[in-house]
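Okay, structure incoming, though there's no sequence with it:
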């Protein structure tokens, strides 16, 4: 339970850092996005990453076959949820300006790298 709590703390600190940077960038420049878009999108990405990390770490407490299945489910669910988010963001909400597209992919890459680094760090000490 302790590693999960530590990873949640890191994820919340990353979210706070992203929100602070987003507020600073939006307030000091005129790039065509507002802070609400940044906050909403980063919060959704944070929740998806949190769900993925919880599923992955839950599987690390199980036997070897279950660990592999939990890892695959974690990565697949993260991918599918972010694919649905991309569909909703670009096609339903019609956020197709260059600034919105760049914001989406920067946040996507940030939270994906965070999730991957946690998984790699965990698997470094305990392989599947």
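Cool, the structure landed. Everything numeric in this text was worked out from a predicted model, so none of it was measured. Numbering: from 1, shown residues only.

Give me the buried positions along stretch 22-42.
22, 26, 33, 37-39, 41-42 (16 or more other CB atoms under 10 Å). All C-beta spots, glycine's among them, are computed from the backbone N, C-alpha and C.

Tell me which of those has the lowest pLDDT.
On pLDDT alone, residue 33 ranks lowest of the buried residues of stretch 22-42, at 85.

Near residue 83, how many residues? Count them for me, please.
Neighbours of residue 83 under the rule other CB atoms under 10 Å: 10.

Filter the buried residues of stretch 22-42 down to the ones in helices?
22, 26, 37-39, 41-42 (DSSP state H).

Closest one of those residues to residue 76?
residue 41 (21.5 Å; CB to CB).

could I get the ones in helices among the buried residues of stretch 22-42 as TSV with distance to residue 108?
Listed next are these as TSV, based on distance: CB to CB, whole Å:
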residue	distance to residue 108
22	14
26	19
37	14
38	13
39	16
41	9
42	10
